[in-house]
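[1] Requesting a structural model of the entry that follows:
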Amino acid sequence: MAIGDWLADAWQSAPQRSRTIMTRRLAGETLDNIAQTLDLTRERVRQLQEEVETALVAAQVRNAPGLSQQVARVLGDLPAVPEEELAALLPTRATTARCALYSQFGAAHPRAWVGYLPGYLTRDRAGLCTRLREMAALAPMTGREARQAATDIGLPAYPVVRDLLEQPQSGLIQHPIGWIRRARKGRDLAYLWLRQEGEPRGVGDIAGVAGTSDNAIRETMRRDDAFAQVRPEGTWALSDWHVPGADHRYSNAVDAVVEALREHGPLDHERLRTESQRRYPVSAWRIDQCLSSNLIGRRADGLYDLVERGATPIEDGEPRRPKTIQIHGNVLGLELKVDRDLLRGSGILVNRWLTWYLGLRTAPSSRHFRLANQPGAVVVTRRTSGSQISSLRAAALSMGLVEGCTVVVLFHLDTERASLRHTCSDGSCPLG
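    Sure, this is the predicted structure:
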């Protein structure tokens with residue numbers, strides 16, 4: 001008789017109904033469900049299952065008394081061990097009986113994101129999920145890093161881990177560049193691509209890889225400590241590269257101006273510009289833009305200081321009105337050319353006269369206009385770096401506009417509503 005056949009004999013000696021119950025329980029069926037289909041009470045089903053388990057353990061004690069210790073050593077504290085490794089400890093044709101016996105030693109299928117992982121056993125059912133979450137928390141990472149992480153964390157073979165991480169519950173996406181988080185796709189693609197490139201890159205290139213607009217990825221990187229903008233070139237690097245000119249303390253030039261005033265107190269224009277540029281190497285023109293921030297003002301003696309210390313905010317003076325903006329009563333019209341950035345969903349830079357006229361004379365400030373006949377709204381914003389209106393992509397697409405078309409945004413100042421009109425002249429419209 002081959003070694004292990006004692007288990008097959010013990011299994012076959014059990015009544016057929018008891019073996020059926022045991023098989024169904026190992027497959028994950030509940031006592032209640034089995035009881036209902038066999039017309040038994042729940043307690044009776046439990047008793048029949050226990051009788052089989054007791055008989056198998058008794059046979060094991062007689063024939064292989066050290067087996068439970070061997071199983072414990074193989075399982076250890078691992079989250080998932082291939083069943084074939086445990087099968088090698090007890091060769092038998094009664095594979096269901098072996099699973100039933102090992103369950104008495106604390107072995108069970110580990111829990112994955114949704115249900116149990118077949119083909120593996122563990123003594124810690126929740127351990128696999130816990131370690132998968134640990135691995136997911138390491139994202140973004142390249143495929144090579146993912147394979148190494150799976151090994152270091154003690155997860156099963158990488159193909160199994162890869163299949164589990166591809167499930168929506170993991171929160172990750174496998175991309176050719178590596179594993180990225182679903183909720184932070186653009187940011188993680190930018191991060192991995194910069195790592196791959198190994199040197200600073202322009203925001204347009206990064207946005208192309210991230211699949212988002214220049215403004216969106218710029219704002220994402222600006223708010224993330226993992227990225228640093230290199231001045232004065234304006235390219236972006238990873239913070240841990242320590243590239244000369246890459247600032248790691250300030251998210252923008254306004255922060256540097258505010259800190260200069262906070263540290264030195266009221267300053268004249270020349271000293272304020274010098275102290276700010278020492279902290280954040282940008283042009284004098286950019287420092288002057290920052291003076292429109294609602295955090296910064298002027299005192300009666302002409303020195304610049306913080307508004308929180310009593311300085312008066314500096315409002316924009318009236319700039320020259322461009323020909324692309326017209327006023328008729330309570331309606332303001334802004335003419336725009338539909339270009340690639342507008343159709344991609346980027347914010348649209350506009351002349352500062354628009355925000356001045358709308359009363360947005362310090363930064364940041366904004367005014368909302370609900371679109372009357374197209375989806376969404378138009379938000380006009382004054383920032384220290386300039387003025388812009390929010391994306392018009394949805395509205396432009398709903399009108400069937402293409403690159404090269406001309407539109408006018410009409411702002412109805414008395415009702416806080418806006419509308420778009422297609423204004424291409426006859427014979428010059430790309431739509432024909």
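[2] ok, how many other residues are close to Q16?
    Q16 has 8 neighbours, counted by other Cβ atoms under 10 Å. Placement of C-beta: from N, CA and C, glycine included.
[3] Same question for R299.
    R299 has 13 nearby residues by other Cβ under 10 Å.
[4] so how far is I314 from it?
    In this view, R299 and I314 are 11 Å apart by Cβ to Cβ, to the nearest Å.
[5] again with G208
    Remark: distance between G208 and I314 (Cβ to Cβ) = 38 Å.
[6] If you count surrounding residues, which of these two has more?
    More crowded of G208 and I314, by other Cβ under 10 Å: I314, with 17 against 14.
[7] if I pick P140, what's in contact with it?
    Listed by Cβ atoms under 8 Å, 6 or more residues apart in numbering, the contact partners of P140 are 178-181, 188-189, 191-192.
[8] got a pLDDT number for the spatially most central residue of the chain?
    By Cα atoms, centre = their mean, the chain has its centre lying nearest to R184, at 2.0 Å. With respect to pLDDT, R184 has a value of 93.
[9] Could you check how far it is from G171?
    10 Å.
[10] same question, C99
    32 Å.
[11] Check D240 too.
    Distance of D240 to G171, given as Cβ to Cβ: 24 Å.
[12] Neighbour count: the two, which is higher?
    It is G171, of D240 and G171, that has more neighbours when counted by other Cβ under 10 Å, with 16 against 11.
[13] Surely that one touches R181?
    Yes: in this structure G171 lies within contact range of R181 using Cβ atoms under 8 Å: 6.0 Å.
[14] where does the stretch 251-400 of the chain have low pLDDT?
    Residues of the stretch 251-400 of the chain that meet the criterion pLDDT under 70 lie in 251, 281.
[15] For the longest helix belonging to the chain, which helices and strands make contact with it?
    In the chain, assigned by DSSP state H, the helix with the most residues is helix 42-63. Applying 3 or more Cβ pairs under 8 Å, 6 or more residues apart in numbering; DSSP states H and E, one finds that helix 42-63 contacts helix 5-13, helix 16-26, helix 31-38, helix 95-104.
[16] Need the winner for burial among those helices.
    The highest average neighbour count among the helices and strands packed on helix 42-63, using mean count of other Cβ atoms under 10 Å, belongs to helix 95-104 at a mean of 20.
[17] Run through who's touching it.
    Contacts for helix 95-104 (Cβ under 8 Å, 6+ apart): 7-8, 10-11, 19, 22-23, 26, 52-53, 56-57, 60, 71, 86-87, 90, 92, 121.
[18] same deal with stretch 153-160?
    Contacts to stretch 153-160, defined as Cβ under 8 Å, 6+ apart, come from residues 78-80, 82, 117, 120, 128, 131-132, 134-135, 146-147, 150-151, 161.
[19] which of those residues sit farthest apart?
    The most widely separated members of the contacts of stretch 153-160, counting by Cβ to Cβ, are P82 and E134 (20.7 Å).
[20] ok, which stretches of the stretch 301-432 of the chain are strands?
    304-306, 312-313, 325-328, 331-337, 348-350, 365-371, 377-383, 386-389, 406-412, 417-422 (DSSP state E, counting those that start in this stretch).
[21] Mind putting these into CSV with mean neighbour count?
    CSV is the format used below for the strands of the stretch 301-432 of the chain (neighbours: other Cβ atoms under 10 Å):
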stretch, mean neighbour count
strand 304-306, 20
strand 312-313, 14
strand 325-328, 13
strand 331-337, 16
strand 348-350, 17
strand 365-371, 17
strand 377-383, 20
strand 386-389, 20
strand 406-412, 20
strand 417-422, 18
